[in-house]
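>>> this one's sequence-less:
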């Protein structure tokens, strides 16, 4: 420390702070948000902290300083976290007859309140879905007030709720639905719907989930003062605590299912959170299995946010995953995966 210049001493101080915060973020997926609601916000910026640790490794490394070990150890311990926010390569796609495709998309009510100035959004979304022709389609923030052509799907389950603003969820399928239902969340407009789908000789269960929103606008031009910052953190902390309850209801509901499960939808939380870990359990994240790049699913400028997921049981082989972050017709981007149900051994 004595041999460091004043600039390096300042850098070393911030490096120590970063190291502590990163280790805390590593532990948060294992701690219920109700215990530390304020700290849970750190899970949203863990990717940024990992990148900053990489910067410090280069900073100390080019100077041949032993302080390089600080961030190097942090990165080594958290190496398994990298696949959750960046994949260097996907999978070579091999299409087989038993494959099927799944799409999940939060459509933000098809822009019924004209949040976006763009015209013909419902038609654009319908055309996009038709171009991808997924076998199973899960839509969050669905609206029946907008007429959208999805005639390719013979089977569907749509659930609408709300008084002043009616919003809902929908599952569309090219395969027959033999059962369907919902998981009602207490004191919330959000919920989960599910459908048991008879697919050839097998039956699978598909959940479409939409967890509690943080209700934070991503407008970077908005002035944020101290009072605004406190309000944002309070809202996020409260939302994460509610999401904990919702994730536990989903986890409990899944245990009673005898079929292979697919979970699609908008968690409104990162892949480093307790909520994600609680719902995922021993399932596979389709992005981690076959995605590429950041897997960005939310239209937040300058930060590759991934809060929409497709999770599948180990009975499925994930053959492909895509996020369409160039298709801007909602505040979320559609995601798709190609799956194959493994034959029973």
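Now that the structure is in, tell me what you want to look at. Bear in mind that the values here come from a model prediction, so they are computed numbers and not experimental data.

>>> check for me that residue 250 belongs to a helix.
Yes. Assessed by DSSP: H, G, I helix; E, B strand; the rest coil, residue 250 belongs to a helix.

>>> against residue 246, how distant is the residue lying closest to it once chain neighbours are set aside?
Once flanking residues are discounted, residue 250 sits nearest to residue 279: 5.4 Å by CB to CB, 6 or more residues apart in numbering. C-beta: built from backbone N, CA, C; applies to glycine. According to CB to CB, to the nearest Å, residue 279 stands 9 Å off from residue 246.

>>> what separates the worst-scoring helix or strand of the chain on mean pLDDT from the chain centre, distance-wise?
In the chain, no helix or strand scores lower on mean pLDDT, DSSP states H and E than helix 226-255, which sits at a mean of 86. Centroid separation for helix 226-255 versus its chain: 14 Å, with CA atoms, centre = their mean, to the nearest Å.

>>> tell me what that helix is packed against?
Helix 226-255 is packed against strand 177-184, strand 191-199, strand 202-210, strand 261-266, helix 274-280, with contacts defined by 3 or more CB pairs under 8 Å, 6 or more residues apart in numbering; DSSP states H and E.

>>> 6 Å - rerun?
helix 274-280 (3 or more CB pairs under 6 Å, 6 or more residues apart in numbering; DSSP states H and E).

>>> ok, residues contacting the helix it packs on?
Identification of contacts with helix 274-280 by CB atoms under 6 Å, 6 or more residues apart in numbering yields 29, 32, 33, 243, 247, 250, 251, 269, 311.

>>> then stretch 109-127?
By CB under 6 Å, 6+ apart, the list of residues contacting stretch 109-127 reads 107, 141, 143, 145, 146, 148, 149, 329.

>>> do that again at 10 Å, thanks
By CB atoms under 10 Å, 6 or more residues apart in numbering, the residues outside stretch 109-127 that reach it are 105, 107-108, 139, 141-143, 145-152, 165-168, 299, 327-331, 334.

>>> which ones among those map onto strands?
Using DSSP state E, 105, 139, 141, 142, 167, 168 are the members of the contacts of stretch 109-127 that sit in strands.

>>> who wins on neighbours among these?
Neighbour count (other CB atoms under 10 Å) singles out residue 105 as the most crowded of the ones in strands among the contacts of stretch 109-127, with 30 neighbours.

>>> and the nearest residue to that one once chain neighbours are set aside, what is it in contact with?
Nearest non-adjacent residue to residue 105, counting by CB to CB, 6+ apart: residue 334, 4.0 Å away. Counting by CB under 10 Å, 6+ apart, residue 334 touches 103-107, 125, 128-129, 132, 134, 137, 139, 297, 308, 322-325, 327.

>>> remind me which residues of the stretch 201-345 of the chain are low pLDDT?
215-226, 228, 344-345 (pLDDT under 70).

>>> sec struct for residue 306, please.
Following three-state DSSP, we place residue 306 in the coil state.

>>> what's near enough to touch it?
Counting by CB under 10 Å, 6+ apart, the residues that residue 306 touches are 47, 84-86, 267, 269-272, 276, 285, 287, 291, 294-298, 323, 333, 335.

>>> recalculate using a threshold of 7 Å.
Neighbour list for residue 306: 85, 270, 271, 294, 295, 296, 297 [criterion: CB atoms under 7 Å, 6 or more residues apart in numbering].

>>> measure it to residue 91 for me?
18 Å.

>>> break the chain down into its structural domains.
6-84, 99-341 (automatic domain parsing).

>>> so which of those has the densest surroundings on average?
A comparison of the domains of the chain by mean neighbour count, using mean count of other CB atoms under 10 Å, puts domain 99-341 on top with a mean of 18.

>>> about what we covered before: now the least confident helix or strand of the chain against strand 261-266, angle please.
Helix 226-255 runs at 160 degrees relative to strand 261-266, counting by axes from the mean of the first three to the mean of the last three CA atoms, to 10 degrees.
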